[in-house]
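Chemist: Generate coordinates for the sequence data below:
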Amino acid sequence: MDAPVAAEAESPRIQSLARADAILSAVMSNGNPISLSALAKTLGLNKTTVFNLAESLVVMGYLARTASPKGYKLGLRCLELGRYVTKNLPILEVSRTSLRELCRTTNETVNLAVPYLQAAILVEALQSQQCVRATAYAGARSNYHSSACGKAILAYFPEERRNWIYKRVGLKRMTAFTITDRTVLERQLADVRENGFATEEQENELGASCVAVPILGPFNEVVASISITGVTHRMKRERIVDILAELQAHSDRISQKLR
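Modeler: Sure thing, here's the model as predicted:
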């Protein structure tokens, strides 16, 4: 597991590619079309540099221009590549039946997350049909330290990789309930390893609580996590116990398929 840490710590060799990635990330984070001026301010670059890079991304389909408001949004090339990636993820293929079954039986939002650079990333999210529900979408990043699905992965990383994440990413406070003390978090991750599941109550988003379990690969390495997220008033301790039994059964089934 040393290689991923070394790979993630490297900086891109070509500056323009790093800037193009920063532009795409800024547009994605904004959630709405973003103006050239706002992009330049966010990235700390001059408008001419951002304009030239953004227009190149438009030509290649990674960005699309918007008229009202005038600016940029993600283009269809991103969707095309994203669809191709998810189509060729073995973990997603062997998990689909379990994800649908969990969504049906719990009537809560079900997420499948995998390790990705400085945070976990959701590769599938099935929404609850309840009127009031937790929301998520495939492609969203999930903090390792503040989300249950992130903790279920982080707990099984080697100590060296966890330390790299603490140093490189930090423990950002998402809500008043977020654990931002490294020692406290490490104690909680030890409990995750001992008990085989992670929980969080309003640590990542106010009003939402989550329980997650890891999915282990052929060599007992963590390859993903699967979680159930609901509004806090429904995620009482007794219900979490019931949900956890289902989660662990499906996690074991998926792990067996991977092996």
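
Chemist: which stretches of the stretch 1-150 of the chain aren't confidently modelled?
Modeler: Applying pLDDT under 70 to the stretch 1-150 of the chain picks out residues 1-12, 130-136.

Chemist: which stretches of it form strands?
Modeler: Taking DSSP state E, counting those that start in this stretch to define them, one finds strands in the stretch 1-150 of the chain at 63-67, 70-74, 109-116, 119-126, 141-142.

Chemist: Pick the most buried one from the ones you listed.
Modeler: For the strands of the stretch 1-150 of the chain, the largest average neighbour count (mean count of other Cβ atoms under 10 Å) is found in strand 109-116, namely a mean of 24. Every residue, glycine included, has its C-beta placed from N, CA and C.

Chemist: one step back: which among the strands of the stretch 1-150 of the chain is found nearest to Thr183?
Modeler: strand 119-126 (21.2 Å; Cβ to Cβ).

Chemist: Format the CA atom coordinates belonging to that closest one as CSV.
Modeler: The C-alpha atoms that make up strand 119-126 are tabulated as CSV, following Å, rounded to 0.1, in the frame of the first residue of the first chain:
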residue,chain,number,x,y,z
ALA,A,119,-11.0,11.5,-0.1
ALA,A,120,-13.3,8.6,-0.8
ILE,A,121,-15.5,8.9,-3.8
LEU,A,122,-19.0,7.7,-4.2
VAL,A,123,-19.3,5.4,-7.3
GLU,A,124,-23.0,4.6,-6.7
ALA,A,125,-25.7,6.3,-4.7
LEU,A,126,-29.3,5.0,-4.6
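
Chemist: residues in contact with it?
Modeler: By Cβ atoms under 8 Å, 6 or more residues apart in numbering, the residues outside strand 119-126 that reach it are 86, 89, 91-92, 95-96, 99-100, 102-103, 109-114, 136-144, 147, 149-150, 153, 169, 224-225.

Chemist: now the helices for the stretch 151-259 of the chain?
Modeler: Secondary structure of the stretch 151-259 of the chain (DSSP state H, counting those that start in this stretch): helices located at 159-168, 182-195, 237-258.

Chemist: Turn the ones you listed into JSON lines, including mean neighbour count.
Modeler: Output for the helices of the stretch 151-259 of the chain, formatted as JSON lines (neighbours: other Cβ atoms under 10 Å):
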{"stretch": "helix 159-168", "mean neighbour count": "15"}
{"stretch": "helix 182-195", "mean neighbour count": "14"}
{"stretch": "helix 237-258", "mean neighbour count": "16"}
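
Chemist: would CSV of the ones you listed with distance to Asn220 and mean pLDDT be doable?
Modeler: What follows is these, written out as CSV (distance: least, Cβ to Cβ, whole Å; pLDDT from 0 to 100):
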stretch, distance to Asn220, mean pLDDT
helix 159-168, 16, 94
helix 182-195, 12, 97
helix 237-258, 9, 92
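
Chemist: Which of the ones you listed sits closest to Ser128?
Modeler: helix 237-258 (12.3 Å).

Chemist: picking up where we left off before, relative to Ser209, which of the helices of the stretch 151-259 of the chain is closest?
Modeler: For those, proximity to Ser209 was assessed by Cβ to Cβ; helix 237-258 is nearest, at 8.1 Å.

Chemist: Which other helices and strands does the closest one contact?
Modeler: helix 90-106, strand 208-216, strand 222-231 (3 or more Cβ pairs under 8 Å, 6 or more residues apart in numbering; DSSP states H and E).

Chemist: 10 Å - rerun?
Modeler: The contact analysis (3 or more Cβ pairs under 10 Å, 6 or more residues apart in numbering; DSSP states H and E) places helix 237-258 against helix 90-106, strand 109-116, strand 198-201, strand 208-216, strand 222-231.

Chemist: is it true that Ile34 touches Lys73?
Modeler: Yes: counting by Cβ atoms under 10 Å, Ile34 does reach Lys73; the two are 7.8 Å apart.

Chemist: who touches both of the two?
Modeler: Val27, Met28, Thr66 (Cβ atoms under 10 Å, 6 or more residues apart in numbering).

Chemist: Adding distance to Ala245 as columns, could you present those in TSV?
Modeler: Below are the shared contacts of Ile34 and Lys73 laid out as TSV (distance: Cβ to Cβ, whole Å):
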residue	distance to Ala245
Val27	42
Met28	36
Thr66	47
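
Chemist: Many thanks, have a good one.
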